[in-house]
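> missing the sequence, but the structure's below:
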């Protein structure tokens, strides 16, 4: 398999907080890597060696099943780690193994099956030493330990290489014209024969693990759709389009979307605790709907969107949402807007289809009881969350 090919695309250009790449798209379509929302994929993409190390982007940002934010490139899967305030590479090959693709990897890409029992008997220190001892091929070993960006990393040691590529999960294996070794996040090939159109003999290249994610449909379909630069920055999940249209059918919903400057906000699904219906993140610049409600009616999702867009509107207008009083007041407003959209979409006159319908109707009945009962109930629900802003 050839290594990464570097060439400027006709539509490549700087965009706010990042860069737009067209190499993996068609015509003027492609993918942008940005630092939007403080999620520094663009900063860390360059820090880790850019195209030379990671290849061109092959997806937009998306929320994974574990709740982390990801973006795929030809050679890797970028994972944003908020607790570390930086990007790491996800364990792409481990992920494909967990999904049962080892046989495909072996047949289609000559990637060895991972060794499950390394003989360490659960001792982590012994496991690390054993697996590093599998770096038996000099060319692959040199590539593994090579500093990907000396201009940024003055010192680069073994721990940095492990952080970048993960531990070896196989020994080096001869596969036709090359020797290949599997790691948690990549596979490395050292070519030992000259083959037309392939890397020269003696070269060690990375197998394009990110491309394999797309080949195996392991990414959300909408995230892998190339778009023009002006549309590639904030991509909403198409499965939410009906809910957004329902939001716009409501006068309150249309007004909220306008106030919230929603053109810069993505609407996505995300895993979250059962008690949450949706969340607005000013930093990530999106509204996430709990995946629990993927099958819910668009009108019910629209009411959730109204609640979160109310928060986005408050944020855009500079309201003190992160003060003790402001936290409660903006929640009161958000629940009222949620109820109003539900009523305007005739939610109360239909038979409840699921728990989400029943929640909206319960909130609407609470609102209609008057401010005392409504404020008391919401204050109890958000006492812990809003209390942290009083300190």
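Now that the structure is in, tell me what you want to look at. Predicted, not measured: the structure shown is a model, and the values here were computed from it.

> who's the nearest residue to residue 64 once chain neighbours are set aside bridged to?
Ranked by C-beta to C-beta, 6 or more residues apart in numbering and with sequence neighbours excluded, the top spatial neighbour of residue 64 is residue 70, at 5.0 Å. For every residue, glycine as well, the C-beta is placed using N, CA and C. On the basis of DSSP bridges, residue 70 is bridged to residue 62, residue 79.

> Please look at residue 70 and residue 61 and confirm they touch.
Yes. Counting by C-beta atoms under 8 Å, residue 61 is a contact partner of residue 70 at 7.1 Å.

> Could you check which of these two has the larger neighbour count?
For the pair residue 70 and residue 61, the greater number of neighbours falls to residue 61 (28 against 23), based on other C-beta atoms under 10 Å.

> That one and residue 223 touch, don't they?
Yes. With contact defined as C-beta under 8 Å, residue 61 reaches residue 223; the gap is 7.3 Å.

> Report the strands that pair with the host helix or strand of residue 188, each with its relative direction.
Here residue 188, judged by DSSP states H and E, is contained in strand 187-191. Sheet pairing for strand 187-191, assigned by DSSP bridges, gives strand 178-182 (antiparallel), strand 204-206 (antiparallel).

> And those strands, which one averages the lowest pLDDT?
Here the lowest mean pLDDT among the strands paired with strand 187-191 goes to strand 204-206, at a mean of 92.

> Tell me the first helix or strand C-terminal of that strand.
Scanning forward in sequence from strand 204-206 by DSSP H and E, the next helix or strand is helix 209-215.

> Most tightly packed of the strands paired with strand 187-191?
Burial of the strands paired with strand 187-191 is given as mean neighbour count (mean count of other C-beta atoms under 10 Å); strand 178-182 ranks first at a mean of 24.

> So which residues of the chain form strands?
13-15, 18-21, 31-34, 62-63, 69-72, 77-81, 86-89, 173-175, 178-182, 187-191, 204-206, 266-270, 278-281, 286-290 (DSSP state E).

> And those: which comes nearest residue 114?
Nearest to residue 114, of all those, is strand 178-182, at 6.1 Å by C-beta to C-beta.

> Show me the contact partners of that closest one.
Outside strand 178-182, the residues that touch it by C-beta atoms under 8 Å, 6 or more residues apart in numbering are 93, 110-112, 114, 134-135, 137, 139-140, 168-173, 187-193, 207.

> Tell me the buried residues within those.
Buried members of the contacts of strand 178-182, counted by 16 or more other C-beta atoms under 10 Å: 93, 110-112, 114, 134-135, 137, 139-140, 168-170, 172-173, 187-191, 207.

> re the thing from before, what's next to the strand holding residue 188, contact-wise?
The contact list for strand 187-191 (C-beta under 8 Å, 6+ apart) reads 1, 93, 109, 111, 137, 139-140, 143-144, 172, 177-181, 198-207, 209.

> Then stretch 371-389?
Applying C-beta under 8 Å, 6+ apart, the external contacts of stretch 371-389 come out as 322, 323, 324, 326, 327, 328, 331, 332, 335, 366, 367.
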